[in-house]
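Engineer: Here is a sequence together with a model predicted from it:
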Amino acid sequence: MNPRLGIWLVRPESETLVTVLQNQLGGMLYRPWLNPAVTQKDQFAAVYRLHKQWIMIAASGIAVRFLDGLAQDKHTDPAVVVLDEAGRFAVSLLAGHEGGANRLAYRVANAIGAVPVITTATEALKPLVVGIGCRKNVSVEQIAAAVKQALGERQLIEVRELVTIDLKANEPGLLEFCEQHDLPLRVLASATVAARPWVTKASDWVQQNVGLPGVCEPCALIASPRGKLIVPKMALNGVAVAVIEDNQ
């Protein structure tokens, strides 16, 4: 169990979703309907500061009402991520930077295939999304060299997120690169990419080994559907990278 994390359900209908989530992220589960004598809002207020981070499976309006009067300071408030009951959107609602809600939103999204929703200006104003695919066990140096090559004169600080498929979600070199540069890694299900397999040049190797015509381009385009492909797939030493820029 992850004692830092609390998971709040408002209805038993979310049990199936939360089981998948808890299996991957841990956390203490709260089922407030088991105590009907106390309102859910009062129950939440009583335990709000027992955890550093929260996932609330509910409508955002419910979360806002529960948090009314509880938030005090962004440096000390627990992070809150709201997940809709269909598991479609993981919204960083409170303490995005200092509390880590932005990163938690990505973890939630990657765990269940949701879309992370980040509204903090620092991230929202970064225009680039990098799609990435790689051979197994490539090093962080290989990842760094390929990303640098693809970005050219653009800066890594302009990158909002890296995106890859589930088969590469635990590649050590990729995870280390993201950790070193404080970049979120968004993970898409292979089935999602397979349903929208646009690439400028299909790869026989990727098709044979991953079952897709490409990884980096479709991942980046799915993550930034209104963006423009400014760097088509570039491969370097076992790492393929594509870059999307938001249309202004």
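Structural biologist: Nice, thanks for sending it over.
Engineer: ok, the residue sitting nearest the centre point of the chain to residue 84 distance?
Structural biologist: Residue closest to the mean C-alpha point of the chain, counted by CA atoms, centre = their mean, is residue 106 at 2.1 Å. Between residue 106 and residue 84 the computed distance is 16 Å (CB to CB, to the nearest Å). The C-beta positions use only the backbone N, C-alpha and C, and glycine is treated the same way.
Engineer: repeat for residue 105
Structural biologist: The value you get for residue 105 to residue 84, if CB to CB is used, is 12 Å.
Engineer: cool, and residue 213?
Structural biologist: Distance from residue 213 to residue 84, by CB to CB: 32 Å.
Engineer: before we move on, what about residue 165?
Structural biologist: Residue 165 is 24 Å from residue 84, by CB to CB.
Engineer: Of these two, which one has the most company?
Structural biologist: residue 165 (24 against 16; other CB atoms under 10 Å).
Engineer: Can you tell me who the more buried one pairs with across the strands?
Structural biologist: residue 188 (DSSP bridges).
Engineer: what sits against it?
Structural biologist: With contacts defined as CB atoms under 8 Å, 6 or more residues apart in numbering, residue 165 is in contact with 133, 187-190, 193, 210, 212, 215, 219.
Engineer: Nearest to residue 79, out of those: which one, please.
Structural biologist: Of all those, residue 187 has the smallest distance to residue 79: 20.1 Å, by CB to CB.
Engineer: Surely that closest one and residue 171 touch.
Structural biologist: No. Between residue 187 and residue 171 there is no contact under CB atoms under 8 Å: 10.7 Å.
Engineer: Give the residues shared as contacts by the two.
Structural biologist: residue 164.
Engineer: all strands for this protein, in order.
Structural biologist: For the chain, applying DSSP state E gives strands covering 5-9, 28-30, 53-57, 79-83, 89-94, 115-117, 128-134, 159-165, 185-188, 227-236, 239-246.
Engineer: For residue 151, find the nearest of these.
Structural biologist: strand 239-246 (6.6 Å).
Engineer: The closest one: which residues count as buried?
Structural biologist: Under the neighbour-count criterion of 16 or more other CB atoms under 10 Å, strand 239-246 has 239-245 buried.
Engineer: Repeat that for stretch 137-155.
Structural biologist: 138-140, 142-147, 150-151, 154.
Engineer: quick one, what contacts residue 8?
Structural biologist: 30, 32, 44, 54-58.
Engineer: From residue 123, how far off is the most far-flung residue of the chain relative to its centre?
Structural biologist: Ranking residues of the chain by C-alpha distance from their mean position (CA atoms, centre = their mean) puts residue 37 at the top, at 36.6 Å. Noted for residue 37: a distance of 42 Å to residue 123, by CB to CB.
Engineer: same question, residue 246
Structural biologist: 12 Å.
Engineer: With just CA atoms, put the helix or strand of the chain with the lowest mean pLDDT into PDB.
Structural biologist: Lowest on mean pLDDT, DSSP states H and E among the helices and strands of the chain sits helix 204-210, with a mean of 82. Extracted C-alpha coordinates of helix 204-210, given in PDB (Å, rounded to 0.1, in the frame of the first residue of the first chain):
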ATOM      1  CA  ASP A 204       9.100  -3.400 -41.500                       C
ATOM      2  CA  TRP A 205      11.100  -3.900 -38.300                       C
ATOM      3  CA  VAL A 206       8.500  -2.200 -36.100                       C
ATOM      4  CA  GLN A 207       5.700  -4.000 -37.800                       C
ATOM      5  CA  GLN A 208       7.300  -7.400 -37.200                       C
ATOM      6  CA  ASN A 209       8.400  -6.700 -33.600                       C
ATOM      7  CA  VAL A 210       5.700  -4.400 -32.300                       C
END
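Engineer: Buried residues, that helix. List them.
Structural biologist: 206, 210.
Engineer: Can you tell me what sits against it?
Structural biologist: By CB under 8 Å, 6+ apart, helix 204-210 touches 133, 165, 167, 190, 212-215, 240.
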